[in-house]
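Trainee: The amino acid sequence is not available; the structure is as follows:
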């Protein structure tokens, strides 16, 4: 009877070890699969550089069509530097400014009134741009430095 209990105990221990091994192996494979999937979506395997998505290119196109005549992304020309604008200004206020800067100035907004005094020129209204289009422009501004030059 004593030997039988030892054999049963060993068998249960082996089953427990096998169960734990299968769980760990399954978790490892699942974690590796998720890592590979996320990595492949954002990294070009040949260059190991981030790969821009369609929204980035839409934002770049909208930026070139509507903004580059006055705004380079990272320096002041006719308009202020746009890099980091979403950290300085609330997004809803950015929408209002882009669509009608005169109205924002008349509201007394301190940030934009000081910016107007510093730059000395008025931003033309872009009332045709939707929030989504403005968001794609902002995404381009925020992420352009992460991608190699095209």
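Mentor: Looks like it arrived, so ask away. In this text, all values refer to a predicted model and were calculated from it rather than measured experimentally.
Trainee: got the domain boundaries for the chain?
Mentor: The record's domain parsing of the chain by automatic domain parsing lists 2-44, 52-145.
Trainee: most packed of those?
Mentor: Comparing the domains of the chain on average neighbours per residue, with mean count of other CB atoms under 10 Å, the densest one is domain 52-145 at a mean of 15. C-betas here are computed from N, CA, C, even on glycine.
Trainee: circling back to that earlier point, is it possible to export the domains of the chain to JSON lines including mean pLDDT?
Mentor: Formatted as JSON lines, the domains of the chain follow (pLDDT from 0 to 100):
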{"stretch": "domain 2-44", "mean pLDDT": "64"}
{"stretch": "domain 52-145", "mean pLDDT": "89"}
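Trainee: Can you give the distance from stretch 106-125 to the centre of its chain?
Mentor: Remark: stretch 106-125 is offset 28 Å from the chain centroid, using CA atoms, centre = their mean, to the nearest Å.
Trainee: Nearest residue to residue 66 in space, please, no chain neighbours.
Mentor: Spatial nearest neighbour of residue 66, excluding adjacent residues (CB to CB, 6 or more residues apart in numbering): residue 126 at 6.0 Å.
Trainee: Please apply the same query to residue 99.
Mentor: residue 127 (4.9 Å).
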